[in-house]
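Enquirer: I need the structure of the sequence given here:
(one chain, ligands or ions: 1)
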Amino acid sequence: MLGLQLSKRELAARTLDVTGCGRLLRATSAWQGLLTLNYHRIGDPGQSPFDRNLWSASEEDFDQQVSLLAKGFDVIGVGDLDEVLRRRRGRYVLITFDDGYRDNYSAAFPILKSHNVPATFFIATGFIDRPRAPWWDELAWMIRTTEKKSLEPNSWLTSPIEFDEPNRERAFGKLLAIYKGLGPEATDDYLEDLGDLLGTGRCPTASVGDMWMTWDMIRELRDAGMSIGGHTVNHPILANLPSDQQDWEIGECRRRLSAELRRPITAFSYPNGTRSSFNDFTRAALKQFGYSHAFTFHGGYARSGTDDNFALPRTAIETDVTLPMFRAKLTLPQMFA
Ligand SMILES: [Zn+2]
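Expert: Got it, this is the predicted structure:
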């Protein structure tokens with residue numbers, strides 16, 4: 001069902017592309033507001049043992065996408081948000097990256113610079129301070145490096161999981177979904193138990209290599225006119241945490257960013273980013289710690305004059321977003337973003 005819907009959307013995007021309707025719509029300003037694009041990693045995942053779904057575009061595709069944006073749109077930074085969201089007219093695009101992966105610096109940054117286009121990088125500070133595999137990458141690593149072919153039901157699983165060879169994506173998806181439903185007291189036990197059951201143990205820091213940017217790299221982004229925002233310390237799903245831990249994740253992240261970058265930090269993106277990943281307490285904590293804008297990960301765009309600056313929508317750019325689909329998102333975000 002989902003596949004059918006996607007292919008219909010893709011077909012519609014291609015029709016928009018070849019009939020020239022897209023150009024007409026772009027020229028007549030069919031929408032007004034802010035369209036925010038969300039990326040994670042740029043490049044080729046190859047045979048990475050980590051979460052391959054995190055790669056958003058190849059370098060070639062990203063270059064084409066940024067080239068399109070540079071020619072036809074006002075691409076803004078977070079410093080422009082207040083004014084842009086208040087304006088009644090205009091179409092603006094914000095390019096965002098989540099987490100702080102090294103390829104943001106080594107692959108995306110040179111492309112952005114070559115087109116003279118700004119982007120915003122939301123950083124989970126704990127990964128920069130103590131480089132290690134984040135929970136989603138660690139789960140993928142366990143599933144891909146274990147010699148086991150299945151997992152029997154246990155205190156975490158109600159039914160057995162057979163591994164789909166050779167990619168094991170479905171097994172990874174199931175174990176990831178279980179993690180996302182756990183409270184903060186259980187997440188580490190879950191990873192420990194899985195490491196034992198799969199015979200892999202926890203992902204060693206040495207296997208992580210140069211996964212994350214360094215603070216010097218992030219300062220270089222800042223100096224080149226890129227915007228930096230918060231994304232917590234340890235990347236928990238905030239709504240799963242009690243209020244004191246939410247406070248700490250939000251406040252400590254901002255403290256580390258401010259200390260390293262010496263700039264006001266005002267924008268934030270919610271880890272996981274669905275509507276259930278944050279709650280009223282999260283919003284209140286963000287305001288208390290001095291944030292003025294926060295981004296979700298559900299699709300759509302912010303219409304001019306939006307009054308909710310703490311649930312700004314973003315549209316995900318992933319490797320299955322073809323160039324016609326990318327153009328369709330820019331032309332008719334009401335339908336495609
Ligand atoms: Zn994230």
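Enquirer: grab the most central residue of this structure for me.
Expert: Nearest to the geometric centre of the chain sits Asp98, at 4.1 Å (C-alpha atoms, centre = their mean).
Enquirer: surely that one meets His40?
Expert: Yes - between Asp98 and His40 there is a contact at 5.6 Å, judged by C-beta atoms under 8 Å. Quick note: C-beta positions are derived from backbone N, CA and C, even for glycine.
Enquirer: what about the strands in the stretch 51-200 of the chain?
Expert: Under the criterion DSSP state E, counting those that start in this stretch, the stretch 51-200 of the chain contains strands at 55-57, 74-75, 91-99, 120-123, 150-151, 161-162.
Enquirer: can you put those strands in a markdown table and add distance to Leu238?
Expert: Formatted as a markdown table, the strands of the stretch 51-200 of the chain follow (distance: least, C-beta to C-beta, whole Å):
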| stretch | distance to Leu238 |
| --- | --- |
| strand 55-57 | 23 |
| strand 74-75 | 28 |
| strand 91-99 | 14 |
| strand 120-123 | 14 |
| strand 150-151 | 29 |
| strand 161-162 | 28 |
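Enquirer: any part of stretch 237-246 near the ion?
Expert: No - judged by C-beta under 5 Å from the ion, stretch 237-246 and the ion are separated, with a smallest distance of 10.1 Å.
Enquirer: what residues does that stretch touch?
Expert: Residues outside stretch 237-246 that contact it (C-beta atoms under 8 Å, 6 or more residues apart in numbering): 180, 182-184, 232, 236, 249-250, 270-272, 276-279, 281-282, 285.
Enquirer: what do you get for stretch 202-221?
Expert: Counting by C-beta under 8 Å, 6+ apart, 49-50, 100-102, 104-105, 109, 121, 123, 127-128, 131-133, 137-138, 141-142, 191-192, 195, 228, 260-261 sit against stretch 202-221.
Enquirer: got the residues of the stretch 1-150 of the chain near the ion?
Expert: Applying C-beta under 5 Å from the ion, we find that the stretch 1-150 of the chain lies next to the ion at Asp98, Asp99.
Enquirer: for the stretch 1-150 of the chain, which residue gets nearest to the ion?
Expert: Asp98 (3.9 Å; C-beta to the ion).
Enquirer: got a list of what the spatially closest residue to that residue that is not a sequence neighbour touches?
Expert: Setting aside the residues directly before and after it, Asp98 is nearest to Phe122 in space (C-beta to C-beta, 6 or more residues apart in numbering), at 4.9 Å. When contacts are counted by C-beta under 8 Å, 6+ apart, Phe122 touches 96-100, 228-231, 267-269, 295.
Enquirer: how does this structure divide up, domain by domain?
Expert: Domains of the chain are assigned by automatic domain parsing as 2-131+209-336, 135-207.
Enquirer: now render these as a markdown table, adding mean pLDDT.
Expert: Conversion of these to a markdown table gives the following (pLDDT from 0 to 100):
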| stretch | mean pLDDT |
| --- | --- |
| domain 2-131+209-336 | 92 |
| domain 135-207 | 94 |
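Enquirer: mean neighbour count, the ones you listed: which tops it?
Expert: Greatest average neighbour count among those goes to domain 2-131+209-336 (a mean of 18), per mean count of other C-beta atoms under 10 Å.
Enquirer: wait, what's in contact with the residue nearest to the centre of the chain?
Expert: By C-beta under 8 Å, 6+ apart, the contact set of Asp98 is Asn38, Tyr39, His40, Phe122, His231, Ser269.
Enquirer: can you do 7 Å?
Expert: Going by C-beta atoms under 7 Å, 6 or more residues apart in numbering, Asp98 touches Asn38, His40, Phe122, His231, Ser269.
Enquirer: and the gap between the third one and Glu252?
Expert: Going back to what we said before, that points to Phe122. Per C-beta to C-beta, to the nearest Å, Phe122 is found 15 Å from Glu252.
Enquirer: what is the subsequent helix or strand relative to the helix ranked longest in the chain?
Expert: Longest helix in the chain by number of residues (criterion: DSSP state H): helix 243-261. Going down the chain from helix 243-261, the next helix or strand is strand 267-269, by DSSP states H and E.
Enquirer: now what about that following strand, what contacts it?
Expert: By C-beta under 7 Å, 6+ apart, the list of residues contacting strand 267-269 from outside reads 78, 96, 98, 120, 122, 227, 229-231, 286, 291, 293-295.
Enquirer: tell me the one of those residues nearest Glu10?
Expert: Nearest to Glu10 among the contacts of strand 267-269, counting by C-beta to C-beta, is Thr96 at 23.7 Å.
Enquirer: which residue, other than its chain neighbours, is closest to the closest one?
Expert: Thr120 (4.7 Å).
Enquirer: would you confirm that that neighbour contacts Gly77?
Expert: Yes - counting by C-beta atoms under 7 Å, Gly77 is a contact partner of Thr120 at 6.3 Å.
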